[in-house]
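# Sequence and predicted model, in that order:
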Amino acid sequence: MKAYLRLLAACGLPLVPMALAAQAVTGRVVDDKGQPLSYTNVVALSLPDSSFVTGVMTGDDGTFTLETPETGRLLRFSLVGYKTVYTDRRDDIGTVTLVPAEQVLGEVVVKSNLPKTRLKGEGMVTGVSGTILETAGTMEHLLDRIPNVSARNGKIEVFGRGEPEIYINGRKMRDAIELERLGSDNIKDIEVIANPGARYDASVTSVIRITTKKAVGEGFSVNNRLFGELNDYGYVVGQERLNLGWRSGGLDINGTLSLSRWANPDPKQIPLITYLDKTYNQLCEIDQVYKSRTLNGRLAVSYMFNENHSIGISARYDRRLSDNGGWMNSVFTQDGDTTETLRSEYTAPVQATNVQGNAYYVGKIGQWNIDFNTDWMWSKTSNMMNTSEDFRETGQAEEHNDVTTQTDGRNILIASKLVVTAPLLGGNFSFGGEYSYSERKTVYTVLPKDIIDDDNSRIEEGMASAFIEYARQFGPVNMQMGLRYENVNFDYFEDNVYKDGQSKVYSNLFPSLALSAMFGKLNLQLGYAADIHRPSYSQLRSNITYDNRYTYEGGNPFLLPTKSHNVNFAASYEWAMFSAGYSHVIDPMLQHSETYKDDPAVALFRQVNGESYDKVYASFNLRPAFGIWHPSLMLGIQKQWFKMDVHGHSPLDNPLATIRFNNTLDTKICQISVNMDYRTAGADENVYIRKPSFGVDLSLYKAFFDKKLTVQLYADDLFKTRKNNLMMFYGTMRESYYMTPAMRNINLTVVYKFNVGRSKYKGTGAGDGQKRRF
C-alpha cells in the first residue's frame, strides 16, 4: 500500500504546479434543450484575418479546456447539424448554446444529419438518437446493430477483442439488469473502444460506453418491463422488472426490483478420443437443463448540490435458486471394440446470494475534476451435486455408484478508486489509482471418501494500481497517451496453511497511445495498448472436482496470466467504415486434458498456458439508407498463427470469417427487421469450428402513446439453422468434438414508461477486475 501511494504521488504531484500555472479558456457547450454536445469543434482564431491558432473538441459532458496565446482572440464553436457560434475570448466562457441548423419548408423540417459513426480519441462513436437505431427495441438488439459489436443470448462481444466492459453514463455496469432497464429510445450514442487506455483496468480488452438522453421532468417515474419467451423444448420463461424513481431538484432516488424464471436446455453430443498405445473413444450423449429463479433489487440515492458537486450511495441484493439436472449416456471403446457403457443422471441444486454497495463523490474544484468511488461486496454460494451412475464393463455384471459433492464458497471485496483531471499545456492531464482487497474461501467435500480428496482453500489478494494519461488536440489531430502500473499480491492457503510455491506477486506496466484525426468527412484512428487476462480464482484452485465416472475437473495454481500487445487502425467516411487490428498474445490460457491416475478412460480437465501466438483481424461496415429501407452489412475476418502439437494435421491456422446483413423497414405501421448472419469454418485458439452456420432473426416493433408503451415480437433463429459443430484440441494425446442442435426462441417484450429519464447517479465503481474474477 505504501509503495502504491508513493507511485501515485510520483506520477501526479510533479505536474501540479504546471497544471495550476496554465492559463486556459474553459466552458461548456449544450443544445437548445440544455443537453451536452460532445465532439463540438472549439477553435481560437486570430484577428483581424480569422486565421487558425489552436483548437480542441468538447468531451462527453460538453466541457472543454482550450489553452491559446494572446493572438487567439475570437472563438468559434461548430458542429455538423448546428449553427456556428462566434464569441470573444475570455477565461470562463460559461455555457454556449448551439441551435439546430434547419430550414422549415411548409410543414417539412429539413435537418443536417450527423454521421452515424465517427472516430474520436480512442473510440468509435455511433449516434443513436434521431436515427433508425432509436427504434431497435431492447439494448441487446441495439448493440447487435452497432459496427463491430455482436450481442446474442446475453453474450456481448467486440469483434477481434472479446467481451467488453460496459459503462452507462460513465458508471460501470454491474449486471445485465442495468442494461435491460434501458431501451434503444433512451440512448443518445454508443462508443466502442477496441484498445482501452490507461484509466481502465489492464484486464479490460474492450469497452462499450453508453450515453443516455437527458432526464425529462421531475417527480415520479415508472419503467415496467414484461418479458416472456417460448422455446422449441416447450419451456416458457419470463421476467418482470419494475423501476421506480423520484427526482426533485438535486435529489434522485431510484429503485429496481426484478423477478425472473429461466430454463435453458443444453442438449449435445461430445465424442472424446484419446491416443495412447490404443485408440480410446468415448461417445457421450447429454441432455440437461439449467433452471433458475432470481430476485434482484437495487436502491440508489444521489444528490447534486450544483453542476460541480454530487454525491451518491447505492446497495444491491441478488438471490438465485437453481435446479439443474440431466442425464448422460456413454459408450467407451478401445480400437473400435466396446469395453464399457454408462448411464448417468444428476441433480444440482444451487443457492447463491450477493450483496454489494457503492458510494461516490464527483466534483470540480477550480480546474480540478475529481471522481472518487468506494465499493464493497459479499457473496455466498452453495452447490450440491447428486450423481447416480449405472455402468457395465463388457462381460461383467452391471454396477451402481452414488456420488454426492458439496461446494461452499464465500467472497469478500473492498475497493476504492480515484481519478483526477486538470488542464495542462493546452490539453487535459489525468492521474489516479485504485486499491482493492479480496478474499475467497472454498470448501469442497465428496462422498464416498475414496474417490478424490476433499478441499479447504483460501485465497487473499491485494491489488494496487496507478495511472497517468494526457490528451491534447493538435489542429485536426487528437492525441491521447497513458501509462498504467498494476501490482497484485496473491496469497494461497490450504487447510489454513500458507503455500509459498502457489502464492504469487505480479507487477506490470501497461502503456497506451491513441491518435485520431478528422479531415472533412474522413475520420482516421490509430491506437496501441497492452492488456492482461489474469486467471479466475476458480482456475487457480488446487483441488479436483468430480463430474462423472469418466470426467474430473481441476484448477492450476501455477497458471500464468495471459498478456497481449495490440495495435488497431480504423477509417470511416460517411456511412462506410474499415477497421483492422493485430495482437501478439503471450502465455494464452487453454483448456487441457490429461489422463487421471494413469487410467485412459478417465479425463482430467484443467487450464494450462500455451505457446505465444499472433493474430490479425479486419472488418468492413456499410450502413447506407434508401428511403424506408435501412440495410447494414458487416464483413469480418480473423486469422491466427497458433502452434500446438496435435494428433494428425492441425487446422488451427485456418481463418474464420463472419458476415452480418441486417435489414430494417421503417414503415408507418411498425418497424420490421430481418437480420441474417453467416459464420464460416475456422479456428479460434485451440477450438476449430468444423462446419459453417447460418441464422435468420425476425423482429416486429411498435410504439404507442408517444413511445410510452412499446411492444416487440422477436423470433431468434427463425429457421433453426444455427448449429454448433466444434472440435477442441488438447495436445497430441486427446481431442474432442462438440455438437449442439439449433433451437428457436420466440419472445414478446412489453415496456411501459412514465416520466423516465436517466438516473443522476454517477458512481463508476471500483474493484471491477476482481468482481469479474469471482
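Received the coordinates, thanks. Predicted model only: the values in this text are computed from it and were never measured.
# can we go C-alpha only for contacts and neighbour counts from here?
OK.
# low-scoring stretches of the stretch 651-774 of the chain, by residue?
Where the stretch 651-774 of the chain drops to pLDDT under 70, the residues are 756-774.
# How are the helices of it distributed by residue range?
For the stretch 651-774 of the chain, helices defined by DSSP state H, counting those that start in this stretch occupy the ranges 768-773.
# which residue ranges form the strands in it?
Applying DSSP state E, counting those that start in this stretch to the stretch 651-774 of the chain gives strands spanning 656-666, 671-679, 682-684, 687-689, 693-704, 709-716, 724-729, 734-740, 745-754.
# Please apply the same query to the stretch 1-150 of the chain.
25-31, 41-45, 52-57, 63-66, 74-78, 85-88, 92-98, 102-105, 108-111, 117-120, 123-127, 149-152.
# Just put those in CSV and tack on distance to Val236, mean neighbour count and mean pLDDT.
CSV is the format used below for these (distance: least, Cα to Cα, whole Å; neighbours: other Cα atoms under 10 Å; pLDDT from 0 to 100):
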stretch, distance to Val236, mean neighbour count, mean pLDDT
strand 25-31, 46, 19, 86
strand 41-45, 52, 23, 83
strand 52-57, 50, 21, 76
strand 63-66, 49, 25, 83
strand 74-78, 53, 20, 87
strand 85-88, 57, 14, 86
strand 92-98, 50, 17, 86
strand 102-105, 49, 10, 38
strand 108-111, 46, 10, 35
strand 117-120, 38, 24, 82
strand 123-127, 35, 22, 88
strand 149-152, 19, 17, 87
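# right, so of those, which gets closest to Tyr361?
Proximity to Tyr361 (Cα to Cα) singles out strand 63-66 among the strands of the stretch 1-150 of the chain, at 18.8 Å.
# next helix or strand past the one helix or strand Ser314 maps to?
Ser314 belongs to strand 309-334 when assigned by DSSP states H and E. Downstream of strand 309-334, the first helix or strand assigned by DSSP H and E is strand 337-365.
# Tell me which of the strands of the stretch 1-150 of the chain sits nearest to Tyr552.
So among these, strand 149-152 is nearest, using Cα to Cα, at 30.3 Å.
# by contact count, what packs against that closest one?
Applying 3 or more Cα pairs under 8 Å, 6 or more residues apart in numbering; DSSP states H and E, one finds that strand 149-152 contacts helix 139-143, strand 155-158.
# still on that earlier bit, of the strands of the stretch 651-774 of the chain, which is nearest Glu574?
That would be strand 656-666 among these, by Cα to Cα, at 18.4 Å.
# Give me the contacts around that closest one.
132, 145, 628-639, 671-684 (Cα atoms under 8 Å, 6 or more residues apart in numbering).
# Can you list the strands that that strand pairs with?
strand 629-641 (antiparallel), strand 671-679 (antiparallel) (DSSP bridges).
# just the angle between the shortest one and strand 709-716, please?
Counting by axes from the mean of the first three to the mean of the last three Cα atoms, to 10 degrees, strand 671-679 points 30 degrees away from the direction of strand 709-716.
# send the alpha carbons of strand 671-679 over as PDB?
Taking Å, rounded to 0.1, in the frame of the first residue of the first chain, the C-alpha atoms of strand 671-679 are listed here in PDB:
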ATOM      1  CA  GLN A 671     -40.700  -1.400 -37.800                       C
ATOM      2  CA  ILE A 672     -39.800  -4.700 -39.400                       C
ATOM      3  CA  SER A 673     -36.300  -6.100 -39.200                       C
ATOM      4  CA  VAL A 674     -34.800  -9.200 -40.800                       C
ATOM      5  CA  ASN A 675     -31.300  -9.900 -39.600                       C
ATOM      6  CA  MET A 676     -29.000 -12.600 -41.100                       C
ATOM      7  CA  ASP A 677     -25.600 -13.900 -40.100                       C
ATOM      8  CA  TYR A 678     -23.200 -16.400 -41.500                       C
ATOM      9  CA  ARG A 679     -20.100 -17.900 -40.000                       C
END
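# quick check, distance from that strand to the centre of its chain.
Mean C-alpha position of strand 671-679 versus that of the full chain (Cα atoms, centre = their mean, to the nearest Å) differs by 23 Å.
# ok and it relative to strand 693-704, angle-wise?
Using the same axes, to 10 degrees: strand 671-679 against strand 693-704 is 160 degrees.
# what's strand 671-679 in contact with?
By Cα under 8 Å, 6+ apart, strand 671-679 touches 135, 656-666, 692-702.
# by how many degrees do the strand holding Ser314 and strand 337-365 diverge?
Using the same axes, to 10 degrees: strand 309-334 against strand 337-365 is 170 degrees.
# For strand 309-334, what is the distance to the chain centroid?
Distance, centroid of strand 309-334 to centroid of chain: 18 Å (Cα atoms, centre = their mean).
# try stretch 76-89
On Cα atoms, centre = their mean, the centre of stretch 76-89 falls 36 Å from the chain's centre.
# Next, the distance between the ends of it.
Stretch 76-89 has an end-to-end distance of 10 Å (criterion: Cα to Cα, to the nearest Å).
# Contact partners for the residue nearest to the spatial centre of the chain?
In the chain, the C-alpha nearest the mean C-alpha coordinate belongs to Pro164, at 2.6 Å (Cα atoms, centre = their mean). The contact partners of Pro164, taken as Cα under 8 Å, 6+ apart, are 156-158, 204-208.
# just to revisit the earlier point, the strands of the stretch 651-774 of the chain: which one's closest to Leu47?
strand 656-666 (49.0 Å).
# Go through the closest one and flag the buried ones.
Judged by neighbour count using 16 or more other Cα atoms under 10 Å, the buried positions of strand 656-666 are 656-666.
# Turn those residues into a markdown table, columns for distance to Leu424.
Listed next are these as a markdown table, based on distance: Cα to Cα, whole Å:
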| residue | distance to Leu424 |
| --- | --- |
| Leu656 | 45 |
| Ala657 | 45 |
| Thr658 | 44 |
| Ile659 | 45 |
| Arg660 | 44 |
| Phe661 | 46 |
| Asn662 | 45 |
| Asn663 | 47 |
| Thr664 | 46 |
| Leu665 | 49 |
| Asp666 | 47 |
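# closest to Val29 among these?
Among the buried residues of strand 656-666, and counting by Cα to Cα, the member closest to Val29 is Asp666, at 32.4 Å.
# and the closest one, what are its bridge partners?
Gln671.
# I'd like to know how far it sits from Ile187.
18 Å.
# swap in Gln712?
In terms of Cα to Cα, Gln712 sits 17 Å off from Ile187.
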